[in-house]
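Participant: need a structure here:
(chains A, B, C and D)
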Number of protein chains: 2
Amino acid sequence: MKLLDIGEVAERSGVAASALRYYEEVGLITSIGRRGLRRQFGRETLLQLSLITMGKAAGFSLREIAGMFGKDGQPDLPRGQLHARADALEAQIRELTTLRDALRHVADCPAPSHLECPKFQKLLRAGTLTAKV
Amino acid sequence: MKLLDIGEVAERSGVAASALRYYEEVGLITSIGRRGLRRQFGRETLLQLSLITMGKAAGFSLREIAGMFGKDGQPDLPRGQLHARADALEAQIRELTTLRDALRHVADCPAPSHLECPKFQKLLRAGTLTAKV
DNA sequence: CCTTGACCTCAAGCTGGCTTTAATTGGCAG
DNA sequence: CTGCCAATTAAAGCCAGCTTGAGGTCAAGG
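Facilitator: As a prediction, the model looks like this:
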């Protein structure tokens, strides 16, 4: 199995080498040896980085991501917790959808004041996070 | 129009008073006067905070949120840019959906190594962020 | 053999987004 | 009028997640 220098991993994953070192430091990924001083990474690291990047995009912290997948990319958590995560994600997806619709509404609605527009207010109230206005 | 003390805004919006002061400092919200020392907020602030909270949940920075809505909650941006935002959100929604599915897969799939599982890999590759593995 | 350039370590620094602390102010109930 | 208590300010502090810089190492190519 061909090993990868950190530079190659960086290039192929789009994650900066400094960030990769940081990820290793905090235990998110593992290098499987050195060539001289240089860390060598296995190919599976690229897949792990896909997961990490995706998790980050999803708004999870590195700790949370580590907790979801374990450093080898295998799940550490019991199924129930993984499902709970998935459900939380679904809630977030709904939030995002609301926001997207709100944005589109704002772009298209000719009303002078959006905060007054009933349609807009309804959109806002659709969000679970909405305050007691 | 009844004005609100910061404490009342904090309670009703779920945003800490210190955070509200911070938001005002960076221009995200505006108080419309003082009663003695105390800031007074209008009711529209609550709606603005809904937007802000939602935007944050969506992973936008405060700067970005400010740019989307302006401090009065009205859009600053031309329609095209708002639509572009909405489209970006949609992309993020797809990412999240992929992640959610990946999580569910991991929870349910009995395969010993998920990184090897073709179904899982396919899920990963569905994400736009996926590296050149 | 020598140079080069990619990598190394460690420490410090930075940005964002707040929170905390300390010392003060002032509206309002009694 | 008194005193309480919520609110005020400025400055410092904190966490995450990296990046940057200085100074060092070493494998490979010419």
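
Participant: Which strand or helix spans the closest residue to residue A:82 other than its chain neighbours?
Facilitator: Distance criterion CB to CB, 6 or more residues apart in numbering or on different chains; nearest residue to residue A:82, sequence neighbours excluded, is residue B:107 at 3.8 Å. The way it works is simple: take the backbone N, C-alpha and C, and place the C-beta from them, glycine included. Element membership for residue B:107 (DSSP states H and E) is helix B:79-108.

Participant: Now chain A against DNA strand D: closest residue?
Facilitator: Using CB to the nearest atom of the strand, the point where chain A gets nearest to DNA strand D is residue A:36, with a distance of 2.1 Å.

Participant: Okay, domains of chain A per the record?
Facilitator: A:4-69, A:79-126 (automatic domain parsing).

Participant: looking at the ones you listed, which is closest to residue B:26?
Facilitator: domain A:79-126 (20.0 Å; CB to CB).

Participant: Does residue A:58 touch residue A:90 like I think?
Facilitator: No - Residue A:58 sits out of contact with residue A:90 when judged by CB atoms under 8 Å, with a separation of 11.3 Å.

Participant: Which one's more surrounded, the two?
Facilitator: residue A:58 (23 against 14; other CB atoms under 10 Å in any protein chain shown).

Participant: got the domains of chain A as JSON lines, with mean pLDDT columns?
Facilitator: Supplementary listing: the domains of chain A in JSON lines, determined by pLDDT from 0 to 100:
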{"stretch": "domain A:4-69", "mean pLDDT": "92"}
{"stretch": "domain A:79-126", "mean pLDDT": "81"}
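
Participant: Can you check which of these gets nearest to residue B:30?
Facilitator: Smallest distance to residue B:30 across those (CB to CB): 13.0 Å, for domain A:79-126.

Participant: ok, and the closest non-adjacent residue to the residue in chain A that DNA strand C sits nearest to?
Facilitator: Sorted by distance to DNA strand C under CB to the nearest atom of the strand, the residues of chain A start with residue A:7, at 2.5 Å. Nearest-residue entry for residue A:7: residue A:17, 6.2 Å, with adjacent residues in sequence omitted and distances by CB to CB, 6+ apart.

Participant: roughly how far apart are that neighbour and residue B:60?
Facilitator: Counting by CB to CB, to the nearest Å, the gap between residue A:17 and residue B:60 amounts to 28 Å.

Participant: the more surrounded of these two?
Facilitator: Higher neighbour count among residue A:17 and residue B:60: residue B:60, with 20 against 15, using other CB under 10 Å.

Participant: That one against residue B:69, yeah?
Facilitator: No - using CB under 8 Å, residue B:60 makes no contact with residue B:69, being 10.4 Å away.

Participant: list the helices and strands the biggest strand by length in chain A packs on?
Facilitator: Ordering each strand of chain A by length in residues (DSSP state E) puts strand A:38-41 first. Judged by 3 or more CB pairs under 8 Å, 6 or more residues apart in numbering or on different chains; DSSP states H and E, strand A:38-41 is in contact with strand A:4-5, helix A:6-13, helix A:17-25.
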